[in-house]
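Colleague: Dropping the sequence and predicted coords here.
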Amino acid sequence: MKKMSFRKILSVSAVAVLGCFLSAGTANAQELKIGVVTTLTGEKALTGVYSRNGIMLALEEINGKGGVNGKKISVMIEDDGGNDAGAVNAFNKVLSLGADVVIGPIYSTMDLSMSPSIKKAEIPTLVIGSSNDIAKQKNPWMFQTRTADAVSAAAIANYAAKKLGLKKVAILHDTDNFASGAAEVATKTLEDLKVPPILVEKYNTGDKDMTPQLAKIRASGADGILAWSQLVEAGLIMKQIQSMDIKVPVVGSNSYVTKIALDLAKDNAEGVYSVADYVYSNPAPWTAQFAANYKAKYKLESEFNSAMNYDAVYVIADAFKRAGTNDKKAMRDALAAVKEVVGVSTTYTFDANNVGGTSVAIVQVRKGVPQIIESVRGR
Amino acid sequence: MVLQLIIASLAMGIVYGLVAMGFVLIWRAVGVVNFAQGDLLMAGAYVAFTLTELEGLPMPVALVACAAIMALVGVVFHFLTYWPLRKSWDMTVIISTIGASIALKEIATLVWGPAPLSVEPIIPGIARFASVSIEWQFLVTIVIAAALMGMIFYLLEKTYIGNILQATAQDQYAAELIGIPVVVATSMTFAISALITGIGGMLISPIFFVSTTMGGSPGLKAFAAVIIGGFGSVPGAIIGGIVVGVIDTFSGAYISSTYRDAIVFLCLILALLVRPQGIFGEKISDKV
Amino acid sequence: MTLQRKIFGLVLLLLLALALTLPFTVSNYMLRVCNMTMITYMCVVSLFVIFGMAGQISFAQAGFWGVGAYISAILTVKLHVSALVALLASGLGTAAFAAILGLALFRLHGHYFGFATIGVVMILNGLFQNWKPVTGGADGIANIPPFAIGSLEFASETSLFYLIAVAVIIISIATYVIYRSSLGRAFMAIRDNEIAAKCMGVNCYQTKVIAFAISGLYCGIAGSLFAFVSSYISATSFTFMQSSLYLVMLMLGGYHSLPGPIVGTALLMMLPEWFRFLQEYILLIYGLGVMLLMVVMPDGLIGGGKQALESYRNKRKGVANVAQK
């Protein structure tokens, strides 16, 4: 019996000995170190590549111009493996490497799982997830950079009901955190506008065959479909809507107008509306320049993951410029004071709940290219 | 609506059936559940993408080439996961296939990139009849998969090669005694298994696109099909696949679209409890 | 031999001291990894009980882990129950759940039981993800309060380390006691030959249910601790893949003896952290490494190590058959 507990201790100690080899990195007061937690392996690896590209591009530009106040910015990128526990590990890893500021992953559940550690470590962290739950955490150190679902989902519902004049809307959404949260907001908005959705259909991430859901939507006589999806499913849904001869307007989340989804759906994407944080075909000069630079550097079109991470670096740079130091408390206060910083996806002003993104754009796919119809300012 | 659902579920079911056949062949031959079977489906889809979209081969040529390449993949898979472990406990092979499943996904990500890809259908366009409106590829899938199943069935049951494979499956030692080269027989089994699964991947790639994670769900549902049909039975796998396809699609439409997977697996458990040997029973008894 | 023992004891004492001072020597990040490793270890030990000892392969462990986590989360967040009660409820609740499931599923034999547990983990994951009123659906459950006994709060990574270490030691000792008890021998009799076990008067059905319940108990405690450590849980953690990884850890470490789970878990949890610099290649190497290790050491690291040691001893002493178990 005694022997056994010793054995356990032995193993833990072995871990300890090996752990000792990993010591914390040294801090350099001269520069700002950004720790990045993103998904490079596993099922969600797609978004991480875009995120990393966007961050590296911003970094190159800023440091190419001599940095901020003459000080360079550096990044360290750690993989979260696409799951909650991995996100916390990666977050702690960048902390141990001496990060001054952290950029978190786009998946809201991972951001939420990091939240307690962020609070404990007292390190300013910009997260890209869009769930409304992030602001509800009231975590003074966590900044939600992206425009929250409360804004974008309400914009989708408003546009569908008011501008497109839809009366019998069907909602189709993923059951993940982002999409179900958005669908709830949209349902509420539609109910307030006295045109409640006639059907709400869901699917699980990774489901491929939407025939059952779409057959029900077709049978319900809906005059429009509002949809929230991740990239692959967005492409699938646009294609399957067309192949099932459902001829009604579709208003989708940002995924619907990414180059990836458009390439998958091809002609089937024609006429689809979307409420987007970012589209690669935005003609605004600052955005167009980013899209061109990105394409030149990485040989592929940019999308919202890359744009929002790119913006996050610029938001940090703006705060760093005003703070003048990499002190965490000073950086936090400078981030909280970020006001009207124009990024490539939206304009950033952090409110009392640390929500940054202020606007979304209404977009329609015309001749295969997403065109901006109008910009909706959420607050 | 019902007819539409029937055709969609048949197409899905027959693909599950192909993957399920892949499971069964390996199970019968070496008594191991291959946890990377779904990833072989994914591999087939990527091979199809490379052949048709990158190399621009005409469809019939691509189909044959894809079959040949996947057979080769099966042989390599056999020599990496099964052959070095043939003398040890079957659990070690299962663990090895879990490792292979992780590795295959990552290889696909590194070679083809993490972005999903699209493949041109064999017959483009949409078929419309009665109240049905469905992609032609669904119908093409049903026809080609059924033909392939027929061929494999014939190969296994009616030919000399089939006899060799079955003899090896029943008793490797005895097969060796009567002069059957066991390594050829088992690697051929893996080749056929990878081939039919890979063709399944090729057939659904125009419908559901190609991505590194595309094998996960069909792999697990095909596994459910194998159990419902009866472990070790080839016709059982086909019937099981179609049953799972029908349950999947119709429960999505009439019960709950979010609990679709849960319902399929609930049916798996119920099927096991009611009739553990499956619809068609097991040809070879439980290997110990 | 006595000298050897003394040296062995000395080394153990040294290592014990090292382990206890661990929180003072490593970074917060590494401590968190250690905490997660210990939690995972409990799940792997649960698999050791049901699979390593009783020979019944189960993929339900990650699902049980989730059941434990959700019980604690719901009790503390929604019903404001104290953390200690929640921990006990998680353990016992999950054990009861496993027992009921076992009563139904152990009508199946051999592989078929394993197949059914794949269904169990898939269904549980579907419920975690979609049963919104209870599990919070895709949003999960946030703001789980830190573990506390009375006014003593375990909020820091260091205090959690000691808390989990205590649980790990209790579970390890309990498992060892079971391993040496008549119950453990009944488990192993079933594993080695069910019919023979039956002939010797073992009630196989009942014994298997007990083994399954014990494994549920361990997973429930691990799940509860996971909920308190992370203070946020969502369905994405409790997957079929996670269950397969437990199996891989057990098989790589060695399923014959208790050190197996320790070595397997430590290895597979730590290596990806040490090799973080490989970034997107890490999973590929992980997968290939698992395949390679199985070929080189089909009995796991402990089994393989023992064999190597034995053959070395045999060579040195020229004595055949130094069976040691």
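Modeller: Alright, I've got the coordinates.
Colleague: Do whichever strand or helix holds A:Lys33 and chain C come into contact?
Modeller: In this structure, A:Lys33 sits in strand A:32-38 according to DSSP states H and E. No - using Cβ under 8 Å from any Cβ of the partner chain, strand A:32-38 stays clear of chain C, coming no nearer than 10.3 Å. (C-beta placed from N, C-alpha, C; glycine too.)
Colleague: ok, that strand: who's next to it in the sheet?
Modeller: Strand A:32-38 has these partner strands in its sheet, going by DSSP bridges: strand A:73-79 (parallel), strand A:101-103 (parallel).
Colleague: Save those strands as TSV, and put in mean pLDDT too.
Modeller: As requested, the strands paired with strand A:32-38 are arranged in TSV below (pLDDT from 0 to 100):
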stretch	mean pLDDT
strand A:73-79	91
strand A:101-103	94
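Colleague: Buried residues, stretch C:162-171. List them.
Modeller: By 16 or more other Cβ atoms under 10 Å in any protein chain shown, the buried positions in stretch C:162-171 come out as C:Leu163, C:Ile164, C:Ala165, C:Ala167, C:Val168, C:Ile169, C:Ile171.
Colleague: Let me know the pLDDT of the third one.
Modeller: I take that to be C:Ala165. pLDDT recorded at C:Ala165 is 90.
Colleague: how much space between it and chain B?
Modeller: 29 Å (Cβ to the nearest Cβ, to the nearest Å).
Colleague: any idea of the angle the helix or strand encompassing A:Ala307 forms with strand A:73-79?
Modeller: Taking DSSP H and E as the definition, A:Ala307 sits inside helix A:304-323. For helix A:304-323 and strand A:73-79, the angle between their directions (axes from the mean of the first three to the mean of the last three Cα atoms, to 10 degrees) works out to 140 degrees.
Colleague: and C:Gly260, what does it touch?
Modeller: Each residue near C:Gly260 by Cβ atoms under 8 Å, 6 or more residues apart in numbering or on different chains is listed here: C:Phe48, C:Gly52, C:Leu250, C:Gly253, C:Gly254, C:Gly300, C:Leu301, C:Ile302, C:Gly303.
Colleague: ok now do the second one, which residues does it touch?
Modeller: Think C:Gly52. Under the criterion of Cβ under 8 Å, 6+ apart, the neighbours of C:Gly52 are C:Leu250, C:Tyr255, C:His256, C:Gly260, C:Pro261.
Colleague: Quick check: pLDDT value at the nearest residue to B:Met91 once chain neighbours are set aside.
Modeller: Beyond its immediate neighbours in the sequence, the residue positioned closest to B:Met91 (Cβ to Cβ, 6 or more residues apart in numbering or on different chains) is C:Met251, lying 6.4 Å away. According to the per-residue confidence, C:Met251 scores 89 in pLDDT.
Colleague: Could you list the contact residues of the stretch 51-200 of chain B toward chain C?
Modeller: Contact residues (Cβ under 8 Å from any Cβ) of the stretch 51-200 of chain B with chain C: B:80-81, B:84-85, B:88-89, B:91-96, B:98-107, B:109-110.
Colleague: Render the CA-only coordinates of stretch A:329-345 in CSV, please.
Modeller: Listed in CSV are the C-alpha atoms of stretch A:329-345, where the atom choice follows Å, rounded to 0.1, in the frame of the first residue of the first chain:
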residue,chain,number,x,y,z
LYS,A,329,-2.1,47.8,-16.0
ALA,A,330,-1.2,50.8,-18.2
MET,A,331,-1.9,48.7,-21.3
ARG,A,332,-5.3,47.6,-19.9
ASP,A,333,-6.3,51.2,-19.3
ALA,A,334,-5.1,52.3,-22.7
LEU,A,335,-7.1,49.5,-24.3
ALA,A,336,-10.2,50.4,-22.4
ALA,A,337,-9.8,53.9,-23.7
VAL,A,338,-9.5,52.8,-27.4
LYS,A,339,-11.8,55.1,-29.3
GLU,A,340,-12.7,55.2,-33.0
VAL,A,341,-9.7,53.2,-34.1
VAL,A,342,-10.4,52.4,-37.8
GLY,A,343,-9.6,48.8,-38.6
VAL,A,344,-10.1,46.8,-41.8
SER,A,345,-13.2,45.1,-40.5
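Colleague: Pull out the buried positions in it.
Modeller: Buried positions in stretch A:329-345, judged by neighbour count with 16+ other Cβ under 10 Å: A:Ala330, A:Met331, A:Arg332, A:Ala334, A:Leu335, A:Ala336, A:Val338, A:Val341, A:Gly343, A:Val344, A:Ser345.
Colleague: again, but for stretch B:73-92
Modeller: Within stretch B:73-92, the residues scored as buried using 16+ other Cβ under 10 Å are B:73-75, B:77-78, B:80-86, B:90-92.
Colleague: What of stretch B:236-247?
Modeller: B:Gly236, B:Ala237, B:Ile238, B:Ile239, B:Gly240, B:Gly241, B:Ile242, B:Val243, B:Val244, B:Gly245, B:Val246, B:Ile247.
Colleague: What lies in contact with that stretch?
Modeller: B:6, B:9-21, B:23-24, B:149, B:221-222, B:224-230, B:263-264, B:267, B:278-281.
Colleague: Recalculate using a threshold of 6 Å.
Modeller: B:9, B:12-13, B:16-17, B:20-21, B:24, B:149, B:221, B:224-226, B:228-230, B:264, B:267, B:278-280 (Cβ atoms under 6 Å, 6 or more residues apart in numbering or on different chains).
Colleague: Name the nearest residue to the residue in the stretch 51-200 of chain A that chain C sits nearest to, sequence neighbours excluded.
Modeller: Of all residues in the stretch 51-200 of chain A, A:Asn92 sits closest to chain C, with a separation of 3.5 Å (Cβ to the nearest Cβ). With Cβ to Cβ, 6+ apart as the criterion, A:Asn92 has its nearest non-adjacent residue at 3.5 Å, and that residue is C:Tyr29.
Colleague: Might you report the residue contacts of that neighbour?
Modeller: If a contact means Cβ under 6 Å, 6+ apart, then C:Tyr29 has A:Asn92, A:Lys93, A:Ser96 as its contacts.
Colleague: hang on, the second one packs against A:Glu78?
Modeller: Right, the one you point to is A:Lys93. Yes - the pair formed by A:Lys93 and A:Glu78 meets the contact definition of Cβ atoms under 6 Å, at 4.8 Å.
Colleague: That'll do, ta.
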